[in-house]
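Visitor: Quick one: sequence plus predicted model below, questions after.
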Amino acid sequence: MDLTKRCMIIEEVCPRGGFAEFHIRDDTGGGGPLGTSNLSLVIRVAYLGPEGTFTEEALRTQADLVAGETIPVRSVPEVFATVERGEAELGLVPIENAIEGAVALTLDVLAFESELLIQREVDLPISLNLCARPGTTLRDVRSILTMPMAVGQCREWLELKLPGVEVRAANSTAEAAQEVSRSRKAGIAAIANAGAAKKYGLKNLATAIEDHDRNQTRFVLLGRGVPAPTGHDRTSIVCFQRSDRPGSLLAMLQEFAARTINLTKVESRPTKHTLGDYCFFIDFEGHVSEPLVADCLRTLAAKQAKVKFLGSYPVAGSGAVARRSAAGKSWRDANSWVDALQAQVRSEDE
């Protein structure tokens with residue numbers, strides 16, 4: 001690395017179990033040798049921007065990430081690219097919504113374009129608002145700007161309250177709010193969160209317009225390496241069939257069933273090769289460091305399919321921390337029991 005940039009990269013394990021590379025920079029601006037007195041650890045995190053997105057809101061629930069330098073970028077692929085170019089150590093992107101399902105673009109980049117791995121997941125409750133410049137009323141709205149995933153989350157409300165209104169796509173809900181705030185057109189509104197409306201000086205015309213009140217989005221943190229096991233982890237892979245034959249998917253799934261590994265998601269996506277050719281995204285409980293999981297992946301890759309590993313990482317959600325704590329105690333107790341048994345084994349000379 002160019003030493004004139006006065007920075008180094010070190011590797012360190014995050015407090016929450018995730019792997020990260022920390023950017024160390026000289027904050028003094030001086031030209032002398034680097035010393036411990038003038039160094040500060042700054043982790044750089046790219047996220048789907050601009051400021052005010054739900055992704056930024058999810059990021060701000062993670063204390064260790066907020067403590068670093070946050071970098072908003074315009075699209076999901078650009079988040080991946082920013083990390084891959086070394087301009088950030090980590091990246092945060094949406095991957096799944098409770099109403100609309102998977103974020104296809106994120107899955108496709110994970111499967112076909114990037115070698116980054118999932119470091120952790122972050123779940124965020126989602127509430128959508130219709131917002132516009134002050135002075136605009138609901139009756140005035142003739143055009144709505146937002147990201148396609150958000151439209152699907154409030155489709156019923158839109159059909160009931162604003163039938164026939166034009167809907168245009170944006171890269172994010174915050175980008176939509178930003179564009180509406182800058183537009184001179186009358187009757188234009190955005191679907192975004194309350195934070196974006198406030199940041200860009202918009203007025204909420206309607207709040208909580210999502211079709212289901214338990215709406216949530218899952219985000220994934222991307223980086224390099226595999227986080228240490230916590231006792232309550234998830235592993236994600238994508239499987240490519242070696243041949244399209246009856247029972248090929250069943251054969252893959254039986255590898256998990258035979259080992260009593262619980263699947264949490266199975267989803268198909270086109271491989272981009274030919275019509276009808278699909279790959280399968282599979283999420284399951286466990287960590288690649290566990291012998292049973294490792295054996296399943298080994299057999300799956302050897303016998304059934306080409307497998308791309310997407311990561312083993314801590315599970316998010318309510319109760320996750322308590323379950324990890326309980327799992328850790330159970331493993332410690334089990335290790336102590338086995339150690340005690342092994343201590344009783346006689347040597348050959350006895």
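Guide: In hand now; what should we look at?
Visitor: The closest residue to Ser181 other than its chain neighbours: neighbour count?
Guide: Leaving aside its chain neighbours, Ser181 sits nearest to Tyr200 (3.9 Å; criterion: Cβ to Cβ, 6 or more residues apart in numbering). C-betas here are computed from N, CA, C, even on glycine. Number of residues near Tyr200 (other Cβ atoms under 10 Å) recorded here: 22.
Visitor: wait, what's in contact with Tyr200?
Guide: By Cβ atoms under 8 Å, 6 or more residues apart in numbering, Tyr200 lies in contact with Gly52, Ala174, Ala177, Gln178, Val180, Ser181.
Visitor: Can you give the contact residues for the helix or strand where the fifth one lies?
Guide: Val180 is located in helix 173-182, with elements delineated by DSSP states H and E. For helix 173-182, the surrounding residues in contact (Cβ under 8 Å, 6+ apart) are 49-54, 56, 74, 128, 131-133, 145-147, 150, 170, 188-193, 196-197, 199-202.
Visitor: Return the members of the residues you listed classed as buried.
Guide: With burial judged by 16 or more other Cβ atoms under 10 Å, the buried subset of those is 49-50, 52-54, 56, 128, 131-133, 145-147, 150, 170, 188-193, 196-197, 199-200, 202.
Visitor: For the stretch 251-350 of the chain, which residues score under the pLDDT cut-off?
Guide: Across the stretch 251-350 of the chain, the ranges flagged by pLDDT under 70 are 317-329, 331, 350.
Visitor: could you pull out the strands for the stretch 101-250 of the chain?
Guide: 101-102, 117-125, 129-132, 143-146, 166-169, 188-192, 203-206, 216-223, 233-241 (DSSP state E, counting those that start in this stretch).
Visitor: so which of these is the most packed in?
Guide: strand 188-192 (a mean of 28; mean count of other Cβ atoms under 10 Å).
Visitor: Distance check, the spatially most central residue of the chain against Cys154.
Guide: Centroid-nearest residue in the chain, with Cα atoms, centre = their mean: Val220, separated by 1.2 Å. Using Cβ to Cβ, to the nearest Å, we find Val220 at a distance of 24 Å from Cys154.
Visitor: that older thread, the residue nearest to Ser181 and Asp211: what is the separation?
Guide: The gap separating Tyr200 from Asp211 is 25 Å, by Cβ to Cβ.
Visitor: repeat for Gly276
Guide: Using Cβ to Cβ, Gly276 is found at 32 Å from Asp211.
Visitor: Tell me which of these two has more neighbours.
Guide: A count of neighbours by other Cβ under 10 Å puts Asp211 above the other of Gly276 and Asp211, at 16 against 8.
Visitor: residues contacting that one?
Guide: Contacts of Asp211 (Cβ under 8 Å, 6+ apart): Ile99, Gln153, Cys154, Arg155, Glu156, Trp157.
Visitor: do Lys306 as well
Guide: Counting by Cβ under 8 Å, 6+ apart, Lys306 touches Cys239, Phe240, Arg242.
Visitor: Which of those sits closest to Val293?
Guide: Checking the contacts of Lys306 against Val293 with Cβ to Cβ, the nearest one is Cys239 at 14.7 Å.
Visitor: Who are the contact partners of that closest one?
Guide: Met252, Cys279, Phe280, Ile282, Leu300, Gln304, Ala305, Lys306, Val307, Lys308.
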